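>>> Quick one, fold the following:
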Amino acid sequence: MAIKTGVKLSEWKMAVNKATSDAKAIKKLKLDTLNKTSLAPFELIHTLATDINQSISTYKIQLNHDGQKMIAVGENKKEDDHKGALGFKK
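Predicted structure coming up:
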């Protein structure tokens, strides 16, 4: 019994795109009200929230980049499978 291997590129792209688009649901923290005070505890919270927002931005950029690489991996796998199949037909 032969076992088929490979990738359904459309399904692969759909899964990768879903994963990267789900990151859009992550919202940055709102800092509007924290900018209006100079009390030390609130300044610390503002600093932490700013750092968190920067991390969220960095995460989204990295996830988008990784998603593009994962789609390229799927395309390469499909091409390799095609080339391998041609070898069996000879």
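>>> can we go C-alpha only for contacts and neighbour counts from here?
Fine.
>>> just checking, N53 touches K28?
Yes. Between N53 and K28 there is a contact under CA atoms under 8 Å: 5.3 Å.
>>> Can you name the residues that contact G74?
G74 is in contact with 7, 9, 12-13, counting by CA atoms under 8 Å, 6 or more residues apart in numbering.
>>> ok, 6 Å please
Contact analysis of G74 by CA atoms under 6 Å, 6 or more residues apart in numbering lists nothing.
>>> Look at it and report its pLDDT.
Looking at G74, its pLDDT reads 91.
>>> L29 in helix, strand or coil?
The three-state label for L29, taken from DSSP: H, G, I helix; E, B strand; the rest coil, comes out as coil.
>>> N53 and K28 - which one has more neighbours?
Neighbour totals were compared for N53 and K28, and N53 leads with 17 against 14 (other CA atoms under 10 Å).
>>> Next, count neighbours for T58.
T58, neighbours per other CA under 10 Å, totals 12.
>>> got a pLDDT number for it?
95.
>>> Now do the contacts for it.
Counted by CA under 6 Å, 6+ apart, T58 has zero contacts.
>>> Quickly note the distance from it to S10.
Computed with CA to CA, to the nearest Å, the distance linking T58 and S10 is 28 Å.
>>> tell me which element the residue most central in space within the chain is part of?
Taking CA atoms, centre = their mean, the centroid of the chain lies closest to L63, which sits 2.7 Å from it. Using DSSP states H and E, the element containing L63 is helix 40-89.
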